[in-house]
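> Quick one, structure for this:
(chains A and B)
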Protein chains: 2
Amino acid sequence: MTKILILGGGGMVGQKLAHRITTTNIFPDADLTLFDRAFPSDGVQAKSVIGNIANPATAQGLIAARPDVIFHLAAIVSGQAEAEFDLGWDVNMMAMWHLLTALKDEHDASSGTYRPRVVFTSSIAVYGGPYPDKIDDTFLSAPQTSYGAQKAACELMLSDFSRKGFIDGLSLRLPTICVRPGKANAAASSFFSGIIREPLNGVEAILPVADTVRHWHASPRAAATFLTHAAMLDTDLLQGRRALNLPGISCTVGEQIEALRSAAGQKAVDLIKHQPDEVIMKIVDGWPRDFAPERAIALGFQAESSFDEIIRVYIEDDLNA
Amino acid sequence: MTKILILGGGGMVGQKLAHRITTTNIFPDADLTLFDRAFPSDGVQAKSVIGNIANPATAQGLIAARPDVIFHLAAIVSGQAEAEFDLGWDVNMMAMWHLLTALKDEHDASSGTYRPRVVFTSSIAVYGGPYPDKIDDTFLSAPQTSYGAQKAACELMLSDFSRKGFIDGLSLRLPTICVRPGKANAAASSFFSGIIREPLNGVEAILPVADTVRHWHASPRAAATFLTHAAMLDTDLLQGRRALNLPGISCTVGEQIEALRSAAGQKAVDLIKHQPDEVIMKIVDGWPRDFAPERAIALGFQAESSFDEIIRVYIEDDLNA
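Prediction:
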């Protein structure tokens, strides 16, 4: 039996991951627990715990059962972390600290035998410009948002607790996940999904940036696959560098729109309304556009090979589901 | 009048900095306060406060006077942070968090007018191998020690609090400071100074690594100069990247020994005893060896131009003082 805990299990990626775990044989006899502030009413059936990850007692309570694999996806999204500074640091950094110290206490209490795999969803927001054309695996992390700084600080803590043997962790710098099902969220990146999802559902979408904006994407299905792949990975192969840039698709908003036209025709494209938003433009302008994620590819991480494929995944997994 | 606070003002670099401030006209009418756990009995004459930087109330108390410039040098050194994990994170990371949140509170209480310059001594220990021949200003920070991880996490926090306008901070990744006067300390790098200082004082020195080990050095005088230069710098020039690799001298232990021979002859060199230490070799093996610190040089930071010069500085400032 593999005891699995998903922090942020009520969120979109958490639910995709929970679905993958409960509908495949990746973890035979998985004993799955989901933790979040709230859960969707039609969500994946699993043990679920409601609470606040920023409360130090929360991690202690969840860790007492000694889960073998912990996926830490819980976060305040980028737009909210920028608007609510204290809350962002509290949830996005301090919660990781509480989690790691609780895990170290449990490691010590077990005389060192308890050393769980911890898979943390970091983000390409750990980068800040100016950028090279493609960001390689040795480029500096100089975040220009609070969200990015918090994720980068978590990577450092996770890496050091791992190096000392208290846990066995790795950080996945997820591409922007697109096409997100459901409603728009407070992430500044929300429109990247909205301009595809809304038109495919016959609804108007707002495009707040120019169509020349280039960005880095992978599907929710790819995200769930990254996470389970990371849970099974031989971390010795990471050679002490436990944060990974993951594969994705680099494309412009214009190319996204062309892929939408191929999938659903001009009537879908006509539902996209350009409505520039200075705040979002400024945040997105600081984001990376393209990567050469050679380490992750060599380690077997796989994403889609075109934005058309990303749209097909949305249609298969969400629109038609 | 410029109100200046030095956290870690009782330490070696803190004292060199305090000496520079009190004996030059860099800050006319400087009102200097030193904070540390303890002070040398023959130290620089200035207001001094004794306390524990890891106590959250400490920063609040020190910040109430609204210092214009804060030098944050207080730290557990690398060897001790590796041996005492909890203490290292507490002093080297959490104390920065307490400082920054206290400064933000004071900023808010001043209706945003209080926004001090904060100069933080980070370290080249934020880097971890494998390295290129020279580390440039865009190389990733992937620390392989707790000390390095803690310093890197502080850089991220300092940068984000600065970006939001609560403070105006920068992080200086100091080379290993050599030749340190006084006694050996718990830093794994202590021997780099010891093999020069002890022989110049007619005392035996232990060399725990091979003489082929290459490392990156600057003098205590250069460190004090870096710090005051950083306090006066136009931080707009940093363009959001507030952590700087500083200039230094890259040389091998063998080259250090040759410089000692030039300065003090074979009888000094004969006082160095090679006594390999696996623990120190392993730590030092993970450290960077050479840099191309183009940004800092362009911003006017200056170090010595040879290890011979580093030895001359020690003889002038400490041995003959």
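
> Quick check: which element contains the closest residue to chain B within the stretch 1-150 of chain A?
Closest approach between the stretch 1-150 of chain A and chain B, counting by CB to the nearest CB: A:Ala149, at 4.1 Å. No exception for glycine: its C-beta is placed from N, CA and C like everyone else's. Per DSSP states H and E, A:Ala149 falls inside helix A:146-163.

> tell me the angle the helix or strand just after that helix makes with helix A:146-163.
Next along the chain after helix A:146-163, taking DSSP H and E as the criterion, comes strand A:168-174. Between the axes of strand A:168-174 and helix A:146-163, defined by axes from the mean of the first three to the mean of the last three CA atoms, to 10 degrees, the angle is 160 degrees.

> tell me what strand A:168-174 is packed against?
Applying 3 or more CB pairs under 8 Å, 6 or more residues apart in numbering or on different chains; DSSP states H and E, one finds that strand A:168-174 makes contact with strand A:117-123, helix A:146-163, helix A:220-232, strand A:243-245.

> Contact partners for A:Met96?
A:His72, A:Phe120, A:Ala153, A:Cys154, A:Met157, A:Leu158 (CB atoms under 8 Å, 6 or more residues apart in numbering or on different chains).

> show me what contacts the second one?
Right, the one you point to is A:Phe120. By CB under 8 Å, 6+ apart, the residues touching A:Phe120 are A:His72, A:Met96, A:Cys154, A:Glu155, A:Leu158, A:Gly169, A:Leu170, A:Ser171, A:Leu172.

> Quick check: beta-bridge partners of the first one?
When bridges are assigned using DSSP bridges, the partners listed for A:His72 are A:Leu7, A:Phe120.

> close enough to count as contact, it and A:Gly11?
No: counting by CB atoms under 8 Å, A:His72 does not reach A:Gly11; the two are 11.6 Å apart.

> Can you pull the residues of the stretch 1-150 of chain A lying near chain B?
A:85, A:128, A:132, A:137-144, A:146, A:149-150 (CB under 8 Å from any CB of the partner chain).

> Mark which of the residues you listed are part of strands, please.
Judged by DSSP state E, the residues of the stretch 1-150 of chain A next to chain B include no members of strands.

> Put the buried members of these into a ChimeraX selection.
To isolate the buried ones among these in ChimeraX, judged by 16 or more other CB atoms under 10 Å in any protein chain shown, type:
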select /A:128,137,138,139,140,141,142,143,144,146,149,150
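
> circling back: can you put the contacts of A:Phe120 in CSV and add distance to A:Ala296?
As requested, those are exported to CSV (distance: CB to CB, whole Å):
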residue, distance to A:Ala296
A:His72, 18
A:Met96, 21
A:Cys154, 18
A:Glu155, 14
A:Leu158, 16
A:Gly169, 16
A:Leu170, 10
A:Ser171, 11
A:Leu172, 8
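
> got CSV for these, with pLDDT too?
Shown next, in CSV, are the contacts of A:Phe120 (pLDDT from 0 to 100):
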residue, pLDDT
A:His72, 98
A:Met96, 98
A:Cys154, 98
A:Glu155, 98
A:Leu158, 98
A:Gly169, 98
A:Leu170, 98
A:Ser171, 98
A:Leu172, 98
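
> Quickly name whichever of these is closest to A:Thr212.
Nearest to A:Thr212 out of the contacts of A:Phe120 is A:Leu172 (CB to CB; 28.3 Å).

> Pull the contacting residues for that closest one.
With contacts defined as CB under 8 Å, 6+ apart, A:Leu172 is in contact with A:Val119, A:Phe120, A:Thr121, A:Ser122, A:Phe226, A:Leu227, A:Ala230, A:Leu244, A:Leu246.

> A:Phe166 too?
A:Leu100, A:Leu103, A:Lys104, A:His107, A:Arg115.

> A:Gln45 now?
A:Thr22.

> Shouldn't it be within a helix?
No: if the criterion is DSSP: H, G, I helix; E, B strand; the rest coil, then A:Gln45 is coil and not within a helix.

> so what pLDDT did the residue in the stretch 201-321 of chain A that chain B sits nearest to get?
The nearest approach of the stretch 201-321 of chain A to chain B comes at A:Arg241, 5.0 Å away (CB to the nearest CB). pLDDT for A:Arg241: 97.
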